[in-house]
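*Asks:* Quick one: sequence and predicted model below, then my questions.
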Amino acid sequence: MRVLACVLALTFAPVVAACGETGAAAKGGCDANYKGACLDPDASDYDCEGGSGDGPKYTGPVEVVGDDPFGLDRDGDGYACE
């Protein structure tokens, strides 16, 4: 049954993580922890556009739907760079 679930998950990206795939594999090169923008999971750091961070990568508003490896959601409400 788990194999069938994983096959279905490959068809429906939001549930791919249930089969053990995360990061680039789960969202075609986008970090699966964020929704609303495609953040590179291999980047060394992201900061919010217009903020005081030094990058090297920047993003606008995104929803945090998993962990927050880049520390973008400072107030912990699930929305970053708001």
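*Replies:* Yep, it's here.

*Asks:* Run through the residues that contact the closest residue to residue 44 other than its chain neighbours.
*Replies:* With sequence-adjacent residues excluded and distances taken as CB to CB, 6 or more residues apart in numbering, residue 44 is closest to residue 56, at 6.6 Å. Every residue, glycine included, has its C-beta placed from N, CA and C. Counting by CB atoms under 8 Å, 6 or more residues apart in numbering, residue 56 touches 43, 44, 45.

*Asks:* switch the cut-off to 10 Å
*Replies:* Contact analysis of residue 56 by CB atoms under 10 Å, 6 or more residues apart in numbering lists 43, 44, 45, 46, 47.

*Asks:* taking the residues you listed one by one, which sit in strands?
*Replies:* Here DSSP state E is the test, and these give 46, 47 as lying in strands.

*Asks:* Out of the contacts of residue 56, who's the most crowded?
*Replies:* Sorting those by how many neighbours each has (other CB atoms under 10 Å) puts residue 46 first, at 24 neighbours.
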